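A.B. asks: need a 3D model of the following:
(chains A and B)
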Amino acid sequence: MPREIKQHASVIEAFRNVDIVSELVEQLPNGEFRYELDMDIILFGRSYRGKQVGPYCRLLEFDPSETIVQEGTWESSIFYILVSGRLEASVTDPSGGRVKVGEIPAGNSFGEMALLSGTPRTATVSVAADAGPAQVLELTRPAIRLLRKLSKFGRRLDRNYRDYGLSLTLNELREFAGGQLDADVLKKLNDSARFAVYEKDHVLFQEGDPVNRILYIRNGWIQRVSGVEGNTRAADILLETDASMGLDFVGAGTCLGLDAVASPTKKWKYTATVWGRAEVIEVAVSRLREDAEMGAAIVPFLQTSFRDRSGVPEHPADNRVIAAATKEIETGVVDGVNLLVMDMAKCIRCGNCSLACHKVHGNSRLVRRGIHIERPTRPMSRTTQSVLVPSVCMHCQDPECLTGCPTGAIARYPSGEIDIEPRTCIGCGDCATQCPYNAISMIARPGAKNDDGGSGISTFVSTAFSIAEAPLPKPVEQTENLLAVKCNLCKGTGLNPPNVKTQAYSCEENCPTGALVRVDPREYFDEVRETIGLVQRSPTHATATNIHKFDLWATIWHIVGFAAVMIGGVLAIWATLKYTQDVALTPGGWLTMRWVTGLAGLGGIIWVMLYPMRKQVYRRRMGALRYWMLSHIYLGVLAGLLILVHGGTTSGGLLTTCLMISFDLVIASGLFGAACYTIVPRFMTRIEREPLLVEDLETRRDELRAELARSAAEASNPVLKTIIEKKVRRHFLGLGYLLRQYLKQEDLQTMLASARSEFKSAATSSRSDDARLMEAVENAATLRRVDALVYLHYLLKVWLAPHVLFTSLMLVLMVIHIIQVVYFNVR
Amino acid sequence: MLSRSTGNFTIRFAGDEPRSLYKEGVRIGRLATCEIVLDDKTVSRIHAGINFLDEQYVLVNLSSANAITLNGRVLGPQKTDVLAGGDTIQIGPFTVDVSLEGEALRLNVQRQATTSIPDKPVEVPYTPAVSQTADVLKVFWEKRSREKEDWGTRLRPTEKPKPGKAMFNWRPTRDLRRPWRFALFVWAILIVGAVAAFAYLRYPQVYEPRALSNPHALKVDETNIAARSNGNSCTTCHTTNQPIENACIQCHTAEQFHATNTRAHETAGITCTVCHKEHRGADVSLNASAIQSCAQCHNDSNKETYNDRSVHTAHGGTYGYPVQNGVWTWKGVYREVADAIPEINSSATGDKDDQAKLSRQFHTVHVARLMVPQNSGLKGDSQGRVSCSTCHDKFGVDIDRIKPRQTCAACHTTQAGDTGRDQRFTPGAANCISCHTQHPFSGGRWSEFLSADALRRRRETIAAKTSSGGQQP
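C.D. replies: Model (predicted):
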C-alpha cells in the first residue's frame, strides 16, 4: 500500500517540482497564489455550504515493485503525475509474461488516456524494482478541468492524448498483424500519421473533394452518403424517394480512402460525416506516395485486414435497416457498454424489472420508457423487432455524466461500471442534467430526517394488516440534501458476491419472459455489427447472449416441458386404463395408479408453487425467473393432467369436488394468462409503437377526455356543438371504433387522417369551427387508441387475481385432502 | 488597465507581420472597413464578427447568405459560438486559425482551402502544432448534444416533467406496487383460522369422521351382498355425479341381495345412509347400527310426519310378538317378502279365509327355518330348527293353542325397559327386522330361507303334512 504524504508543504513542493503543473502553485510577487482558489480545491478541498468538494489530489509514495496502475482494469477516474522515482510500464505478452514497454520520465503524467477515451488501462505501471520509492501525485477526474487552464499542462495533456492514442492504435495494428508489419514501417507510420478527434456533425470530407488522406476509424461512427449535394443531414429521408443515392455507416476498425494511393486524382465519391465522437488516424496520401516502401507495406495490409470502405455506399436493400441503424447511432445507444434492451413483443408489462431494481437498490433506477427502436429481424424480413432501450444507465463508453461532476463521485470503477460514491456525492445534480438518457435521478440522502415510515412494531403491524392498495414509495420533493443514484450493474450486492464469474443483474434475473436482457449493443444490433471492423472489447462489456434470437435453456425447457406433458399425460392415462385406478400394481402392494398419479401430481404442484416463492427473492441469485416461469407453466399443465387422471370420472365428495373444480380453474386461468402473455404484447406493440407505461396512458386518457369535453363546451356554434356531442362522440367512442383499433392496427397518423376525412362533409361554414371540429375528431380518435391500449394493459393484469385466488383455495383443500387420505390409510 | 470588456486581438495574415488591436470586437468581411479584410467573391461584405463578451471570444455569423465553418461544423446565419484555442474558422477560401494566449486572441489568416486546390493533394501535417491540435480536448469536454427524452408522440401525456432543480428528482412508477399485498394472506389465515376454531367448538364432528367400517375399508374377497370390494376407496361413494345411495346400490346388487327398500321408507326419503351410517369406526357394523336406528324415528317423541303420517313407538310400547291384549295382531308378511316367495303368497291348496292365509304365512316363516334358541327348554327337529312340536304340544282338532303363546317369548323376549334382555336392536336376535323385513333379499337372515335347499325342504315338509292328512299349519 502506498503511503500518503499529507503535509501541505510537501504537496505544494511536489507540484512546484513538476514543470507541467508548477503554474498552479505559482506565487505572485506580492506572495499571493495566482490560482489560489483552484489550488485550494485541488490540493486541500473546500467546503461549500457544508458540502465537501475536493481535494482532487493525493501525494503518494509507492515502494519499489509496487503496482500503481493495473493493465486491463477499467477504472478511469484517476490519473497520475510522477514527481520523483523511476516507473516502468509493462504489458502482458501473448504468452502471458510481462514485457517492459518503457519508462515514465519524472514530471510526466500517465494514466490519463483511460480517463479521456474511456478505455481500460492499457499497461501496468509499477515502480522499478531496482530503484527507490517513487512519489506520485494521484489526481481525480475533476482536477483535469481546472489544470487544463494551465497552458503547459493543457498542451501536455493534449499531446499525450494524441501520442498515446496514435501509439495505442499502432500497437493494436501490430498485434493484429502479428509480424506482417515490421517495426520500421510502424515507426514511419507513427511519424507520418495524425491522430485526430472529431466531434459529432463534423464533415470529414464532401463528395467531390480530392482524396488527400486515408483514414482509419479507431472509434466512433461515420455516416457515408453518396449522391446528395451539400447538406447530408436529411439523407435518410431522401433515401426513400431517391434510388440513386447511397447511405451507410462505418464504425470502428474501418479504413477509408485506401484506393487513392494508386491514383493521384482520386476524388471522394461520398460525403462522410461524424455521427458520434470519432477518433481517427489520418495519413496523408502524399506521404504514402513519397515513401513507396511504407505505402506498399501498409496499404495491402489495411485492405486485407480491415473493412475497406473505399467503394461508394450502396443504396440500402432495406431502408428499415438503415432507419434502425440511424436511430441506434443517433441516440448513442450503440456506445453503451452494457445496454439494457427489452423485446416488447415479449414484455408483459409486469414491471417486475423495475420492482427488482427497487428491491435491490432502494430506489428503482429503471423506468420502462425510453428509446424505441424498430428493426427488421433480418434484412428484407417482414417481421420487425420492437426494442425498447429504457431509461437506465447503459454505462456509455464515453460517459457524459462524468464531465461536470465537481467531486469525482461519479466515475467508472475498476470493473467497468459507472457508479456514484455516495460519500463524496454532494447532490448537485450535474450528472443527472448531463445524462442524455435520464438515467440518473436524485433521491433524498439516506439518514436524513425526511425518511418516511414509523418505527418497529407499529409499522410492521400496520403493513401486515392493511389490505388497501399498497402505497407507492413517495416521490422525492426536496431540492436540498440530495444524492444522485443510478444503475451500478448490481455490483456489490448479494447478486454479485465476490469471485463470481458471470455478472447477474436483478432486472434481467427477474424478468419472467426473457424480454429484458443486458447486451453489448455492437453485437446485439446486427445492422451495427455489420459496420464495425476490429473492435476493442473489454471484459466489462455485457457478455450476455442475445436471448431474443436464441435462448438455449429456454429452448431446452420448451422441448423437455412439451415432451414431459405429452409423455407424462399419455403414460398416466394409458396406465390408468390398463391397471385401473384402485387395483394394486403389485400383488399385495398398496401402490395403485391413483396413488401414482396423485403423488406425481402433488410433486408437480409443489414445484409449481416454488415459482411464487422464487418471485419473492430479489437480492440473491436463484436462477433466471424466465426459466422458472417455463417450468411453472409446463409442470402446471402436467400436474393438471395427472390430477385429472387421479380423480378419474368420479371426483369424490364435496371436498374433492371443490378441490377438483378449484384446480381446474387454476389451470384454466393459468392457461388463459399464458395465452395473454404470448399474444397481448405482440398485439399491443403493433398498435402502440412507442412503449408507454399504463399510467402514462391513463393520464393521457384523462387529458383527452377533458379536451374533448372542453371543445364541446366552448363551441359557440350550436350546430357544431351537436355534431361534436352526438356524432363525433358516438362514432369514435363506440365499440366499433375500439374493435377497429385491434383489427386494423394502423399507424396513428393514418388513422387520424381517415378520421378527419370521415368528418370532412360535416364541416360547417366557419373556418374556426372547422378547426375546432377537426381537433375534436382527432382527440376522440386518439382517445379510442389510448383506450384500446389501456384495456390491453388491464388484460395482462386482470387474470392474475383469479389465478392466485383459486390457487389459494386449491391449496387449502388439497392439504385437507392429503391429511384425510393419510389419516385413513395410516389408522 | 484595460477595461474588462476590451479584448486583445492579434491578427496575422500569412506572410505579414502580426498587428494587435484592443477592441470590444473585430469584424471580418470583404469591406475595407473591416478589421480583417478577406477579399473574395464568396465572402460577404460584413461576414462575421468576433466579440469579447464575459471574458470570452464569441464568433458571430453576420452574413445572411454565406456560411461560416467552425472546425468543420457549419455555423448558420446569426448563430454564435465561443472560440477556443485551436479552433479553425473557414470563411470562403480563407482559414482563420485561432489560438488563445492568456486573454489574447491570435488569429492567423491564410487563403487556403483544401477544396480550392482540386488536383494537387494537400498533405496533412504529421507533426501538428499545439494550436492545431487543441480541439482534441475541446471535443472531449464539450457536451455532445443529444436530445433528452422526446415527448413527441400523441399518445404521450402532454404534461412535462417538472422544471427546475426538482426535474431529476426520483419519482415512483406503478411498477413498484406489488400486485398482492402481504396483508391479504394474513387476513386469509386469520379468517380461515377463526372459521376452523368455531367449527371445532360447535361442530366437532367435522373433524372426526371416524374410520370407515371394516367391510368397506378392507379388501373383502368374497361377499354375497356386494358385487365388489370397496378397498377403502373414498370416491366409490363420494362422487360428483350421483347421490351416495346410488353408489350403494351399484355395489350392493348381488345375486343374494337386492337393495330394495320398503315402500313406506322409500317414499319418506329414508334412504340407505339414514340407517346405515358410515365413518363410525372400523368395528362398527353398518348392519347393527342400522338395526339400532329404528327407534330413532319410531318413537312417540318424534313429532315429524312421514308420508303425511306420524310415527309412533312400535307395538304401543309392548315390544315383541304381535299380540295385543291377548289377540294376535299379526298382519302377515310384507308384500315384498311375499312377492319374492311364492310359497308364502299362495298355498297349493288355497286358503279358506284370511285367517288361514295369515296362519300359513306365519308357519312358513317360522317352521323349519328358524333355529330354536339354546337353553330355552324347547326342542326342535334333528337340526335344531323350529318344528311343529316346538310350539304345539298337541295336534289334530284340538290343537294346542296355549303353549305357542308362551313359547313366543322364548325368542321374542323383549320387554320394554328390560335392557338386559332387550333384543330389539341386537343383530342376530329377534329384532325389529326379524319381522319388519327391510331388504327381502337380505343375504344374512333370509338367505337360508330363500335358498334352493330351504325351498325344497319346505316343499317336502308341506308334502309330508298333506300326505299324512294332518292339518295344514
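
A.B. asks: just the strands in the stretch 1-150 of chain B please.
C.D. replies: Using DSSP state E, counting those that start in this stretch, the strands of the stretch 1-150 of chain B run over B:7-13, B:19-23, B:25-29, B:36-37, B:48-53, B:56-61, B:68-70, B:73-75, B:80-82, B:88-91, B:94-101, B:104-111.

A.B. asks: strand partners of the fourth one, parallel vs antiparallel please.
C.D. replies: In this case it means strand B:36-37. Sheet pairing of strand B:36-37 (DSSP bridges) gives strand B:25-29 (parallel).

A.B. asks: so what pLDDT did residue 171 get?
C.D. replies: You didn't pick a chain, so chain A it is. Listed pLDDT for A:Asn171 reads 80.

A.B. asks: I was after chain B.
C.D. replies: At B:Arg171, the model reports a pLDDT of 89.

A.B. asks: now A:Asn352
C.D. replies: A:Asn352 is assigned a pLDDT of 94 by the prediction.

A.B. asks: how close does it sit to A:Thr232?
C.D. replies: 44 Å (Cβ to Cβ, to the nearest Å). Backbone N, C-alpha and C define where each C-beta goes, glycine included.

A.B. asks: next, give phi and psi for A:Phe659.
C.D. replies: Small correction: residue A:659 is Leu, not Phe. Main-chain torsions, A:Leu659, degrees, to the nearest 10: phi -60, psi -50.

A.B. asks: could you pull out the strands for the stretch 351-500 of chain A?
C.D. replies: Listed in chain order, the strands of the stretch 351-500 of chain A (DSSP E, counting those that start in this stretch) span A:367-376, A:384-391, A:410-412, A:418-420, A:441-444, A:482-485.

A.B. asks: need the winner for burial among those strands.
C.D. replies: Highest mean neighbour count among the strands of the stretch 351-500 of chain A (mean count of other Cβ atoms under 10 Å in any protein chain shown): strand A:410-412, with a mean of 26.

A.B. asks: in its sheet, what does that strand sit against?
C.D. replies: By DSSP bridges, strand A:410-412 pairs with strand A:418-420 (antiparallel).

A.B. asks: I figured A:Cys676 hits A:Trp799, correct?
C.D. replies: Yes. The criterion here is Cβ atoms under 8 Å, and A:Cys676 meets it with A:Trp799 at 6.0 Å.

A.B. asks: so what's A:Val777 up against?
C.D. replies: For A:Val777, the contact set (Cβ atoms under 8 Å, 6 or more residues apart in numbering or on different chains) comprises A:728, A:732, A:755-756, A:758-759.

A.B. asks: got CSV for those residues, with distance to chain B, neighbour count and pLDDT too?
C.D. replies: Output for the contacts of A:Val777, formatted as CSV (distance: Cβ to the nearest Cβ, whole Å; neighbours: other Cβ atoms under 10 Å in any protein chain shown; pLDDT from 0 to 100):
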residue, distance to chain B, neighbour count, pLDDT
A:Val728, 17, 25, 86
A:Phe732, 14, 26, 89
A:Ala755, 12, 20, 89
A:Arg756, 14, 15, 87
A:Glu758, 18, 15, 85
A:Phe759, 18, 22, 83
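
A.B. asks: max-length helix in chain B?
C.D. replies: Looking across chain B with DSSP state H, the single longest helix is helix B:182-202.

A.B. asks: may I see the buried residues of it?
C.D. replies: Within helix B:182-202, the residues scored as buried using 16 or more other Cβ atoms under 10 Å in any protein chain shown are B:183, B:186.

A.B. asks: and that helix, anywhere near chain A?
C.D. replies: Yes. Judged by Cβ under 8 Å from any Cβ of the partner chain, helix B:182-202 comes into contact with chain A through B:182-184, B:186-188, B:192.

A.B. asks: where does the prediction get shaky in the stretch 501-650 of chain A?
C.D. replies: By pLDDT under 70, the low-scoring segments of the stretch 501-650 of chain A are A:533-540, A:542-544, A:588, A:650.

A.B. asks: residue numbers of it in contact with chain B?
C.D. replies: A:582, A:647-650.

A.B. asks: so which of these is the closest to chain B?
C.D. replies: Taking Cβ to the nearest Cβ as the measure, chain B lies nearest A:Thr650 of these, at 4.0 Å.

A.B. asks: on that earlier part again, Throw the strands of the stretch 351-500 of chain A into CSV and include mean pLDDT, thanks.
C.D. replies: Shown next, in CSV, are the strands of the stretch 351-500 of chain A (pLDDT from 0 to 100):
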stretch, mean pLDDT
strand A:367-376, 90
strand A:384-391, 92
strand A:410-412, 88
strand A:418-420, 92
strand A:441-444, 92
strand A:482-485, 93
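
A.B. asks: and those strands as TSV, adding distance to B:Ile50?
C.D. replies: As requested, those are arranged in TSV below (distance: least, Cβ to Cβ, whole Å):
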stretch	distance to B:Ile50
strand A:367-376	39
strand A:384-391	41
strand A:410-412	36
strand A:418-420	38
strand A:441-444	39
strand A:482-485	38
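
A.B. asks: A:Thr580 against A:Met593, yeah?
C.D. replies: Yes. Shown here, A:Thr580 and A:Met593 form a contact pair, counting by Cβ under 8 Å, at 6.9 Å.

A.B. asks: give me the below-cutoff pLDDT ranges for the stretch 151-300 of chain B.
C.D. replies: B:151-152, B:160-163, B:204-210, B:221-222, B:239-241, B:255-258.

A.B. asks: those strands in it, which residues are they?
C.D. replies: B:253-254, B:257-258.

A.B. asks: just to revisit the earlier point, out of the strands of the stretch 1-150 of chain B, which is closest to B:His276?
C.D. replies: Of all those, it is strand B:73-75 that lies closest to B:His276, at 100.4 Å by Cβ to Cβ.

A.B. asks: neighbouring strands - and their directions - for that closest one?
C.D. replies: For strand B:73-75, pairing defined by DSSP bridges yields strand B:68-70 (antiparallel).

A.B. asks: quick one: mean pLDDT over the strand it pairs with.
C.D. replies: Mean per-residue pLDDT for strand B:68-70: 82.
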